[in-house]
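J.: Output the structure for:
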Amino acid sequence: MILYKSIKKLHDYIKNNIYDDVQEDYRHIKIRTKDDDPRDDYQMGYDQAVIDFRRNHRFHNYPGSIVKLTNKVSKNKMSEISEFINGYQAGKVHIIDESSR
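T.: Below you'll find the predicted structure:
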């Protein structure tokens, strides 16, 4: 029972603090591109990092490891969002590397 409550707390935390933010960003991109966008989820995340940096020189802080764990536990039901975050993190690293040169 304690394990169940701990998992439920983790689920609620992810749902309320992480998943909704990532899902909202992902949904906004899908609406903006009207689903005819040939980019995959990884590329959309990468491109969103570039957009965020150009707009205000800041990045979102998506905790990819928690989403990755949730994706694993949910049998890949969050794979699109997980790939979006992976692309976003890669874009962020690339921009930071380019900026420091």
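J.: How many residues are close by residue 64?
T.: 19 (other CB atoms under 10 Å). From N, CA and C alone the C-beta is placed, and that goes for glycine too.
J.: Using the three-state scheme, assign the closest residue in space to it that isn't next to it in sequence.
T.: Closest residue to residue 64 apart from its sequence neighbours, by CB to CB, 6 or more residues apart in numbering: residue 85 at 4.6 Å. In three-state terms, and counting by DSSP: H, G, I helix; E, B strand; the rest coil, residue 85 is helix.
J.: swap in residue 44?
T.: Applying three-state DSSP: residue 44 is helix.
J.: ok, back up a step: can you pull the contacts of the residue nearest to residue 64?
T.: 22, 45, 62, 64, 67 (CB atoms under 8 Å, 6 or more residues apart in numbering).
J.: residue contacts, the fourth one?
T.: This means residue 64. By CB under 8 Å, 6+ apart, the neighbours of residue 64 are 82, 85, 86, 89.
J.: for those residues, which one is nearest residue 38?
T.: Nearest to residue 38 among the contacts of residue 64 is residue 86, at 18.4 Å by CB to CB.
J.: ok, that closest one to residue 92 distance?
T.: 11 Å (CB to CB, to the nearest Å).
J.: between those two, who's got more neighbours?
T.: residue 92 (21 against 18).
J.: Can you check the pLDDT for that one?
T.: pLDDT, residue 92: 95.
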